[in-house]
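# Give me the fold of what follows.
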Amino acid sequence: TKCPICRARIPPSRELVSTLLSCRANKKRLEDNNETSSEDYDRVCLALEMTEKRIGADWDGVTVLEKKQSRLAATLPNYLVTAMGKGDIRSVLKWIDAN
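Now for the predicted structure:
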């Protein structure tokens, strides 16, 4: 897509580039396994074609759209992460109530 103000091409997002690379890797894997006549191969080729169309032919292969992080991500205390992993809801609720 193009910027509505300057009409310059907007680079793809990291997620879109990740999808493109994943589709290419899946297609190559299926080709390496000689599975080019399978339904999976057809699906991957279609997804790859749609993703390439969304990105555009003039993408330089490097530039991606960065998200600006206005706030730092919250970090949880280690004991809380451990408690959540064990299903210890009491510790989690105690921590929520303390804040």
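# shaky segments in the protein?
Applying pLDDT under 70 to the chain flags the ranges 1, 67-74, 98-99.
# The residue sitting nearest the centre point of the chain sits in which helix or strand?
In the chain, the centroid-proximal residue (CA atoms, centre = their mean) is E15; its distance is 3.4 Å. For E15, the element it lies in under DSSP states H and E is helix 14-32.
# Export that helix to CSV, keeping only CA atoms.
Extracted C-alpha coordinates of helix 14-32, given in CSV (Å, rounded to 0.1, in the frame of the first residue of the first chain):
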residue,chain,number,x,y,z
ARG,A,14,7.2,-7.9,10.6
GLU,A,15,4.2,-10.3,10.7
LEU,A,16,3.7,-10.1,7.0
VAL,A,17,7.4,-10.8,6.3
SER,A,18,7.2,-13.7,8.8
THR,A,19,4.3,-15.1,6.9
LEU,A,20,6.1,-14.7,3.6
LEU,A,21,9.2,-16.5,4.9
SER,A,22,7.1,-19.3,6.4
CYS,A,23,5.2,-19.9,3.2
ARG,A,24,8.5,-20.0,1.2
ALA,A,25,10.0,-22.5,3.7
ASN,A,26,6.9,-24.7,3.6
LYS,A,27,6.9,-24.6,-0.2
LYS,A,28,10.6,-25.6,-0.4
ARG,A,29,10.0,-28.4,2.1
LEU,A,30,7.2,-29.8,0.1
GLU,A,31,9.2,-29.5,-3.1
ASP,A,32,12.2,-31.3,-1.4
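# Buried residues, stretch 45-58. List them.
Neighbour-count burial for stretch 45-58, counted by 16 or more other CB atoms under 10 Å, picks out A47, L48, T51, I55. Every C-beta, even on glycine, is put in place using the N, C-alpha and C of the backbone.
# If you could redo that for stretch 15-31, that was the one I meant.
By 16+ other CB under 10 Å, the buried positions in stretch 15-31 come out as L16, V17, T19, L20, C23, N26, K27, L30.
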